[in-house]
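*Asks:* how would this look folded up:
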Amino acid sequence: MLDTCEHVIADASALAEAVLRAGPAVCIIATSREPLRVEGEWIYPVPPLAVPPSATGDQYDTQQYGAVRLFVDRARALSPQSAPELRKLSMVAAICRRLDGMPLAIELAASRAVVLGVEEVAARLDDRFRLLTGGRRLALPRHQTLRATLDWSYELLPEPEPTVLRRLAVFAGVFTLAAAREVVASIELPVPEVIEGVANLVAKSLVATDIEGSIVRYRLLDTTRAYAREKLIASGEFEIVARRHAEFVRDFFGRLESEQAERPMPERLADYGREINDVRAALDWAFSPDGDAALGVALTAASERLWFGLSLMDECRRRFETALSSLRQDTIGDTSLEMRLSAALGAALYYAKGPCPEARAAWTNVLAMAERLDDAEHRLRALWGLWSDHAGNGELRGALTVAQRLASLPPDRARPTDLLVGQRLLGSTLHFLGDLSNARRHLEHVLGRSPASISPLRPDTNRFEWSRQASARGSLIPVLWLQGFPDQAMAMARAYVEDAYTTGHQVSLCWALYAACPVALAVGDLATAERFVTTLRERSSRHAPGFLQALAHGLLGELSIKRGEVDGGVQRLRSALDELRASGFVLRRPALLGALAEGLAAAGRVAEGLQAIKEAFTQCERSEELWNVAELLRIEGELLRLEGTREAIAAAEDRFLQALGWARRQEASSWELRCATGLARLLNDQQRIGEAHRLLSAAYDRFTEGFETADLKAAKALLDALADAPDRQRVTDGCRS
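*Replies:* Sure, this is the predicted structure:
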């Protein structure tokens, strides 16, 4: 046994070869940072202890990982009464991840946690070398502290390996050999020595490898990186190497912009995702007092697709605000660059904060600059942004004007495919305004004209929309349901969600789930609705804007009410409406108010339900969001019917008749069926059975599909009951009519 022989590696290698020549049957076990490189050597890399992935949510599962078990065991051995509680195991897991599963570091952290507490240790890990001391009294000096362990390894490195290692610390994530050549090499450290140095550091376990297919990537463990960074700063080279790193990252994203525009999104996200920590590190340096703000501005602009691709909207907003602030302080300025940064900021503001005044100001500024520079690309982006802002604020006539302008731009100012974006926005706006036939015409035009090569896997990420075709499908789904095609709507909704999962893009998935969930609720497929809304709530809480989180909360409330959990559903809907008001998002509030009124009706709170409907109508009047007026009138009719007085019953019949009129004018067959069913029940209560049967039968007969959906099954059951009513009642009703 040759234990810990890296400090005498040459002598250990000579000894091993001599022993093996003298006695071929002898087995030698050697522990070392690097191989002995003798004949017959078999290498067994000892991995760090297993750590829980960051996504692990079950605190009990964390104890299945060796790193957490070691932490808990050492803490319990040192002080049984202060061993981490189960509720703190997620924090223990985070400590173990940051320490890369290194047994010595975890033992030292556990001993400190006994004295300081788990929370304090987690908070102070940025200063891990000062924190993690106090090893066992009889241990070797290099095992007494974490710094001593790394000092031992670093001081054994022959030049130029220490230089290579400390310069590699500038990489915050994985890096390729090409990246190492660009950033680490210099006049005094030529490329061949960098390559040899990386190879030797890998052999000594100071650099880890991530092999993915034919591409080898490298990384430093967090603790090794923190140590090497200290050495880099102490060497006086940090500013030079940080500049090279920032320039490399800027150029990398410049190449990605041109090379990857047509690659499927999952591949693009994989490339972007690997670079996120290096972009952060480069930007932090560039905008620091000793950095280069101009380089930071250029890198911010180049990394635009990164933030949107990874759905990091709030961080994107902060990064672009910093870049714009720096650019505007420059006395020379660059209008084109300012326009590009402002466009990205406008989109980020919308997705991070909703339709806020700052987003509108950004898009207005972009449009003015685009007109001044005659920049077609940013003119279109600005119009898309202004449409989103108008629509979100419930200014549907303003949104319609913007959509019409975008859809009717002359050919020399927009590409044909860009004009389809205007058609999609027209379709969406007309849907909200209640013009369903024209909405469907525009949306189907977009889908019919989109080339087969344009799929949700090839989105125009933050050019205008996540995907033109996907957005058109998301807008068409509710229109199909409203016009009486529930099976087609559900089929499209399921396909939309499946495709969105495939992209790996979280905001796209959130929008797909939001488009699909209301239809699942409407047709009565509560299992699918629950699956959709549960995923939507989970993903939107991390990746989507606040208004989408609020809408998801509202859908969960609707689901609860349909499952009979009325009180909980009402409370969720009230909370969702409060969240929407706080976000400033106006669109779709009437629909949530209608759902709230239905929940209050189910709870027997008729007066509160009527108040909610009154608020919904007020909102509709302000925004002209008219697509669900028929449904709101129907709900009001049901509430009045529950009041039961003669005046209320007469008013209920009037509301049902108004609702039918709205549904027929809008060609909304699904609303018509619901209204006819409600009115038929009212007529049946009044023994007007023949009239009820004829009314409901006419609405039911419009359908050619969806006969297993909730509304059609309810209508069919009522029709059958009316048909089975005594002949005397039906004849009397017929004479009265």
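*Asks:* just the element for residue 586, please.
*Replies:* Assigned by DSSP states H and E, residue 586 falls within no helix or strand.
*Asks:* ugh, typo on my part, it should be residue 521
*Replies:* Assigning secondary structure by DSSP H and E places residue 521 in helix 506-523.
*Asks:* so who does residue 172 touch?
*Replies:* Contact analysis of residue 172 by C-beta atoms under 8 Å, 6 or more residues apart in numbering lists 225, 277, 278, 280, 281. The C-beta positions use only the backbone N, C-alpha and C, and glycine is treated the same way.
*Asks:* again, only using 7 Å
*Replies:* 277, 278, 280, 281 (C-beta atoms under 7 Å, 6 or more residues apart in numbering).
*Asks:* by neighbour count, which of the residues you listed wins?
*Replies:* residue 278 (22 neighbours; other C-beta atoms under 10 Å).
*Asks:* who are the packing partners of the helix or strand encompassing that one?
*Replies:* In the assignment (DSSP H and E), residue 278 maps to helix 265-286. Packing partners of helix 265-286 (3 or more C-beta pairs under 7 Å, 6 or more residues apart in numbering; DSSP states H and E): helix 238-259, helix 293-302, helix 304-309.
*Asks:* and the chain, what are its domain boundaries?
*Replies:* As given by automatic domain parsing, the domain ranges for the chain are 1-44, 59-147, 545-627, 647-737.
*Asks:* how long is the first one end to end?
*Replies:* Distance between the two ends of domain 1-44: 15 Å, counting by C-alpha to C-alpha, to the nearest Å.
*Asks:* where does pLDDT dip in this protein?
*Replies:* Applying pLDDT under 70 to the chain flags residues 55-61, 82-87, 134-144, 213, 256-266, 268, 330-333, 449-468, 726-737.
*Asks:* can you give me the strands in it?
*Replies:* For the chain, the strands defined by DSSP state E occupy 208-212, 215-219.
*Asks:* kindly reformat those strands as JSON lines containing distance to residue 247 and mean neighbour count.
*Replies:* Formatted as JSON lines, those follow (distance: least, C-beta to C-beta, whole Å; neighbours: other C-beta atoms under 10 Å):
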{"stretch": "strand 208-212", "distance to residue 247": "24", "mean neighbour count": "12"}
{"stretch": "strand 215-219", "distance to residue 247": "20", "mean neighbour count": "15"}
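*Asks:* tabulate those in a markdown table, adding columns for distance to residue 317.
*Replies:* Output for the strands of the chain, formatted as a markdown table (distance: least, C-beta to C-beta, whole Å):
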| stretch | distance to residue 317 |
| --- | --- |
| strand 208-212 | 31 |
| strand 215-219 | 29 |
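*Asks:* and those: which comes nearest residue 170?
*Replies:* When those are compared by C-beta to C-beta, strand 215-219 sits nearest residue 170, at 12.5 Å.
*Asks:* just want the angle from that closest one to helix 265-286.
*Replies:* Using axes from the mean of the first three to the mean of the last three C-alpha atoms, to 10 degrees, the direction of strand 215-219 lies 30 degrees away from that of helix 265-286.
*Asks:* from now on call the first residue 52
*Replies:* Done: numbering now begins at 52, and the last item shifts to strand 266-270.
*Asks:* give me the contacts around strand 266-270.
*Replies:* Contact with strand 266-270 is made by 224, 225, 226, 227, 249, 258, 259, 260, 261, as judged by C-beta under 7 Å, 6+ apart.
*Asks:* return that strand as PDB; C-alpha atoms alone will do.
*Replies:* C-alpha atoms of strand 266-270 as PDB (Å, rounded to 0.1, in the frame of the first residue of the first chain):
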ATOM      1  CA  ILE A 266     -17.500  16.900 -27.100                       C
ATOM      2  CA  VAL A 267     -15.400  17.000 -23.900                       C
ATOM      3  CA  ARG A 268     -16.100  19.900 -21.500                       C
ATOM      4  CA  TYR A 269     -14.200  20.700 -18.400                       C
ATOM      5  CA  ARG A 270     -15.100  22.300 -15.100                       C
END
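*Asks:* for the contacts of strand 266-270, work out which two are farthest apart.
*Replies:* Pairwise distances among these were taken by C-beta to C-beta; the largest, 15.7 Å, belongs to 224 and 249.
*Asks:* between the two, which one's more packed in?
*Replies:* Counted by other C-beta under 10 Å, residue 224 and residue 249 do not tie: residue 249 has more neighbours, with 23 against 17.
*Asks:* am I right that that one is in contact with residue 230?
*Replies:* No. In this structure, residue 249 is not within contact of residue 230 by C-beta atoms under 7 Å, at 10.5 Å.
*Asks:* related to what we said a few turns ago, in TSV: the contacts of residue 223, plus distance to residue 183.
*Replies:* Output for the contacts of residue 223, formatted as TSV (distance: C-beta to C-beta, whole Å):
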residue	distance to residue 183
328	23
329	26
331	25
332	23
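*Asks:* residue 582: which of these is nearest?
*Replies:* Nearest to residue 582, judged by C-beta to C-beta, of the contacts of residue 223 is residue 328 at 33.0 Å.
*Asks:* and that closest one, how close does it get to residue 225?
*Replies:* Counting by C-beta to C-beta, to the nearest Å, the gap from residue 328 to residue 225 is 9 Å.
*Asks:* for residue 636, same thing?
*Replies:* Residue 636 is 38 Å from residue 225, where distance means C-beta to C-beta.
*Asks:* those two: who's more crowded?
*Replies:* Set residue 636 next to residue 225 and count neighbours by other C-beta under 10 Å: residue 636 wins out with 24 against 19.
*Asks:* contact partners of the helix holding residue 329?
*Replies:* With C-beta under 7 Å, 6+ apart, helix 316-337 has contacts from 222-225, 293, 296-297, 300, 303, 307, 311, 342-344, 346-347, 350-351, 354, 356-357, 360-361, 370, 508-510, 554-556.
*Asks:* redo the helices and strands packed on helix 316-337 as JSON lines? Include distance to residue 208 and mean neighbour count.
*Replies:* Output for the helices and strands packed on helix 316-337, formatted as JSON lines (distance: least, C-beta to C-beta, whole Å; neighbours: other C-beta under 10 Å):
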{"stretch": "helix 289-310", "distance to residue 208": "18", "mean neighbour count": "18"}
{"stretch": "helix 344-353", "distance to residue 208": "31", "mean neighbour count": "22"}
{"stretch": "helix 355-360", "distance to residue 208": "34", "mean neighbour count": "23"}
